[in-house]
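**Q** Take a look and give me a structure for this.
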Amino acid sequence: MVLHVVSLYSNSHFMAEVLKITPALLCYQNKKNETALHIAANEGHTEVIHVLLVRIEDHNTKEKLTRMIGASGDTALHKAVRSQHLDVVKILVKEDPEFEFPPNHAEETPLYLAAESGFHDALINILESCKKPIYAADCIRSLWHWNKPLCEELDLWGWNSLHYAVKLGLEDVVFDMLGWKKSLVYLPTGSENDWTTIIHITASEDDVNIINKLLDHCPNCWDMLNRNNQNALHVAVLNNQDKVVRFLLDSNKYDNLVDEPDSDGKSPLHLVVVSGNHVPKLINHPRAKPMSFIKQNQTPLDTTLLCTVTTKKEKLVEDLCSIGRFGKRDFKVKRKYEYMHNPNNEMGTRVKMQLREVDHDKAKKADQTEVESIMKATQIHIVVATLIMTVTFAAGITLPEGFERDSDSPNQGMAILIRKITFCVFVVSDAIAFTF
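**A** Purely as a prediction, here's the structure:
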């Protein structure tokens, strides 16, 4: 069919014209029950795929197209993963994140194909974007029972089976593996320069149930740190995972996480500002330290005030100012903020005037500094000019080869080299230099 041929040779402009005339061809299948989307996905023609999906205005029709299977049971995503086209994988997964992408007739899911071929980027993209991809948990459990040490084997990226089970939220598999060997929890994952731990993976996935299982088997793993010396609360706050944040803050056992600094000196309270999240429970926690400093000598309030103005920033500043646990420096910042945000307050007007005076003084000092630098430059120029004048004057008096001394010569007292062109050039140049 013409649309399939166009998809094969990636003529997106012609395809757009065809679809204008006959949009029903979108879901037309060839003898292999494959649509034009199957062929474009297999060939990696992203422009053609964009044209196909843009032409569908009805959401149900778009879902129908992405979920259609060929004679072998393959969806377009199967084709894209098998052909290693990452851009196509991202488009298809983004268009239909609710679809489970079930196995084909050979019992292969897109997730399985990505894992089997080592297509790591596609594997991670499917896991992160699809809300409920099908993965054979029973197969995982069967393989593990067949050879339990398999779960300790690392892949090219430093991940073992337990790490993936935690990321996928396979509670039963995690429970079985930890029941066999608890020490698996303490194995780091990732590369030598960028490693993390299972507790951090769970915190970034916002999976409280998995965290409970980890802590039941290994109660001491809650305070593990990653490469950046960040704990689980750091990661949960940075990734805006509210469930994990609330879980950790609700228990007194994990209070130490609240004020623990990372490699840059940032506590979870500093990261609330960086992430743009708003976590009142952390801000008001008794262990939170508003006066803790990072390496840039900034408190959480300083960091907040330096961020771009947003509604969340205003709320954060208000909450930080309401805590009441300030040192001398942050107390001044707090008072200035309160006065400047209350125009009816007489003291606020006074503070604004004081701030204007400070700005004026700063400008005056800057002008004074500039004048001083100009005067120093002028003095240097005078010294250089004096040296040049001295040298040129001496050169003008002490002429090369001297003067004509023969009393009988009509040129007595004249320069000996007066008829030399090079000497004339020297005299002119010396006069110009002396004048300057």
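**Q** the strands in the stretch 151-300 of the chain, which residues?
**A** With DSSP state E, counting those that start in this stretch applied, the stretch 151-300 of the chain shows strands at 189-191, 194-196, listed in chain order.
**Q** Take these and write them to CSV, including mean neighbour count, distance to Tyr9 and mean pLDDT.
**A** In short, each C-beta sits where N, CA and C put it, glycine included. Rendered in CSV, the data for these read as follows (neighbours: other Cβ atoms under 10 Å; distance: least, Cβ to Cβ, whole Å; pLDDT from 0 to 100):
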stretch, mean neighbour count, distance to Tyr9, mean pLDDT
strand 189-191, 17, 41, 84
strand 194-196, 16, 42, 87
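**Q** what about those, which gets the closest to Asp242?
**A** When the strands of the stretch 151-300 of the chain are compared for distance to Asp242 using Cβ to Cβ, the nearest one is strand 194-196, at 20.4 Å.
**Q** looking at the strands of the stretch 151-300 of the chain, which is closest to Ser204?
**A** strand 194-196 (8.5 Å).
**Q** now that closest one, how far from the chain's geometric center?
**A** Relative to its parent chain, strand 194-196 has a centroid offset of 16 Å by Cα atoms, centre = their mean, to the nearest Å.
**Q** quick one: strands adjacent to that strand?
**A** Based on DSSP bridges, the strands next to strand 194-196 in the sheet, each with its direction, are strand 189-191 (antiparallel).
**Q** Mind splitting this protein into its structural domains?
**A** If the domains of the chain are taken from automatic domain parsing, they occupy 1-134, 136-227, 399-436, with pieces of a single domain joined by a plus sign.
**Q** now those in TSV, with distance to Ile388?
**A** Converted to TSV, the domains of the chain look like this (distance: least, Cβ to Cβ, whole Å):
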stretch	distance to Ile388
domain 1-134	67
domain 136-227	58
domain 399-436	6
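**Q** right, and these - which one's nearest Lys281?
**A** For the domains of the chain, the distance to Lys281 is smallest for domain 136-227, at 15.0 Å, taking Cβ to Cβ.
**Q** circling back to that earlier point, nearest to Ala236, of the domains of the chain?
**A** Smallest distance to Ala236 across those (Cβ to Cβ): 4.4 Å, for domain 136-227.
**Q** any idea how far the closest one is from the chain center?
**A** Centre to centre, stretch against its chain (Cα atoms, centre = their mean), the figure for domain 136-227 is 26 Å.
**Q** coming back round to it: now the strands of the stretch 151-300 of the chain in JSON lines, please, with extra columns for distance to Ser204.
**A** Written out in JSON lines, the entries for those read as follows (distance: least, Cβ to Cβ, whole Å):
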{"stretch": "strand 189-191", "distance to Ser204": "12"}
{"stretch": "strand 194-196", "distance to Ser204": "9"}
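**Q** By mean pLDDT, show me the worst of the domains of the chain.
**A** Of all the domains of the chain, domain 399-436 carries the lowest average pLDDT, namely a mean of 76.
**Q** Span of it from start to end?
**A** 20 Å (Cα to Cα, to the nearest Å).
**Q** Off-centre distance for that domain?
**A** Relative to the mean C-alpha coordinate of its chain, domain 399-436 is positioned 73 Å out (Cα atoms, centre = their mean).
**Q** quick one: buried residues of that domain?
**A** Buried residues in domain 399-436, counting neighbours by 16 or more other Cβ atoms under 10 Å, are found at Leu399, Ala415, Leu417, Phe423, Phe426, Asp430.
**Q** Which helix or which strand is home to Ala433?
**A** helix 421-435 (DSSP states H and E).
**Q** That helix packs against which elements?
**A** Helices and strands touching helix 421-435, by 3 or more Cβ pairs under 8 Å, 6 or more residues apart in numbering; DSSP states H and E, are helix 346-397.
**Q** now the helices for the stretch 101-250 of the chain?
**A** Ranges of helices within the stretch 101-250 of the chain are 110-116, 120-129, 137-146, 161-168, 171-180, 198-205, 208-217, 232-238, 242-250, based on DSSP state H, counting those that start in this stretch.
**Q** Among those helices, show me which one is buried the most.
**A** For the helices of the stretch 101-250 of the chain, average neighbour numbers computed from mean count of other Cβ atoms under 10 Å are highest in helix 232-238, which has a mean of 26.
**Q** Check what contacts it and list those residues.
**A** The set of residues external to helix 232-238 that reach it, using Cβ atoms under 8 Å, 6 or more residues apart in numbering, is 199-200, 202-204, 206, 211, 222, 224, 226, 228, 230, 241, 244-245, 248-249, 254, 257-258, 260, 262, 266, 268, 271-272, 274-275, 277, 279, 282.
**Q** Distance to Thr22 for the helices of the stretch 101-250 of the chain - can I get that in CSV?
**A** As requested, the helices of the stretch 101-250 of the chain are arranged in CSV below (distance: least, Cβ to Cβ, whole Å):
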stretch, distance to Thr22
helix 110-116, 30
helix 120-129, 32
helix 137-146, 43
helix 161-168, 42
helix 171-180, 49
helix 198-205, 45
helix 208-217, 50
helix 232-238, 50
helix 242-250, 49
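**Q** Of those, which is nearest Thr378?
**A** Set against Thr378 and scored by Cβ to Cβ, the helices of the stretch 101-250 of the chain come closest in helix 232-238, at 54.1 Å.
**Q** Output the closest one in CSV with nothing but the alpha carbons.
**A** This file holds the C-alpha atoms of helix 232-238, laid out as CSV (Å, rounded to 0.1, in the frame of the first residue of the first chain):
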residue,chain,number,x,y,z
ALA,A,232,17.8,8.9,51.5
LEU,A,233,16.1,12.1,52.6
HIS,A,234,18.4,14.2,50.4
VAL,A,235,17.4,12.1,47.4
ALA,A,236,13.7,12.1,48.2
VAL,A,237,13.6,15.9,48.6
LEU,A,238,15.7,16.5,45.5
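**Q** Leu25 contacts Met15, doesn't it?
**A** No - Leu25 lies out of contact with Met15 (Cβ atoms under 8 Å); the separation is 9.4 Å.
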